[in-house]
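> For reference, the sequence and a predicted model appear below.
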Amino acid sequence: KFNNSAILNFLKDLDVYKVLFKNFDKLPMKNGIKKWGYQQKNNKIHFGALKSIIEKDLILNSHKLLNNRKKINILEIGSGYGALAERLFEDDKVNSLILTDIPSSLTTAYYYLSSLYGLDKVKIFSSVEGIKKHFKLDEKKILLIPTCYYDQIKNFQNVELLCNFSSFSEMDFDTIKYYL
């Protein structure tokens with residue numbers, strides 16, 4: 001027999017989320033990839049959508065507190081499939097995103113994000129030479145860089161914000177110190 005506990009708990013929590021989000025307009029993700037979630041009218045709300053919108057608001061509200069009016073470039077360590085990147089890339093305050101993760105996660109992110117924004121806006125790298133061509137961050141893009149090339153990220157100009165929301169818990173302390 002199927003256990004509905006998780007779905008029932010999520011539906012109960014939706015009432016709490018209504019207080020946070022006022023309505024559900026921001027929650028549905030645009031991509032048509034089939035994913036599990038909750039159906040509300042024509043919108044399918046992916047459970048990860050709640051997390052990514054809270055993270056996006058935290059980043060952009062922090063940016064606003066600093067009274068920074070220019071567009072920012074953001075480095076996300078442990079980007080997963082790109083849910084947060086999807087939210088941030090659509091915001092006018094964000095210029096470029098640099099996502100770093102293990103290659104298998106970046107492959108999924110590449111498929112997901114390029115299906116939203118196109119191959120001209122989403123780049124995945126397999127060599128240092130390819131990365132070097134984008135150090136200026138002069139165009140709005142999403143750059144996917146495998147962790148084996150993390151040492152190249154210090155060469156990017158104008159990365160104003162680094163974020164990590166979950167993956168540090170999957171790493172040992174020496175790895176976290178290396179990233180920071």
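Okay, I see it. Residues are numbered from 1 along each chain as shown.
> C-alpha only now, for contacts and for neighbours.
Noted.
> Tell me which other helices or strands the longest helix seen in the chain touches.
For the chain, the helix with the greatest residue count under DSSP state H is helix 47-65. If contacts are counted by 3 or more Cα pairs under 8 Å, 6 or more residues apart in numbering; DSSP states H and E, helix 47-65 sits against helix 83-89.
> try 10 Å this time
Under the contact definition 3 or more Cα pairs under 10 Å, 6 or more residues apart in numbering; DSSP states H and E, helix 47-65 sits against helix 5-21, strand 37-40, strand 72-77, helix 83-89, strand 161-163.
> and residue 80, what helix or strand is that in?
Residue 80 is part of no helix or strand when elements are defined by DSSP states H and E.
> Name the spans of the chain whose pLDDT lies under the cut-off.
Low-confidence segments of the chain (pLDDT under 70): 1-48, 67.
> What does residue 124 show for phi and psi?
For residue 124, the backbone dihedrals (degrees, to the nearest 10) come out as phi -120, psi 140.
> Now it: closest residue in space that isn't a chain neighbour?
residue 144 (4.6 Å; Cα to Cα, 6 or more residues apart in numbering).
> and that neighbour, what helix or strand is that in?
Using DSSP H and E, the element containing residue 144 is strand 142-146.
> Export that strand to PDB, keeping only CA atoms.
Output of strand 142-146 as PDB, limited to C-alpha atoms (Å, rounded to 0.1, in the frame of the first residue of the first chain):
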ATOM      1  CA  ILE A 142      25.400  30.100 -16.800                       C
ATOM      2  CA  LEU A 143      28.800  28.500 -16.700                       C
ATOM      3  CA  LEU A 144      29.000  24.900 -15.500                       C
ATOM      4  CA  ILE A 145      32.500  24.000 -14.200                       C
ATOM      5  CA  PRO A 146      33.400  20.500 -12.900                       C
END
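> now that strand, how far from the centre of its chain.
Distance of strand 142-146 from its chain centroid, counting by Cα atoms, centre = their mean, to the nearest Å, is 11 Å.
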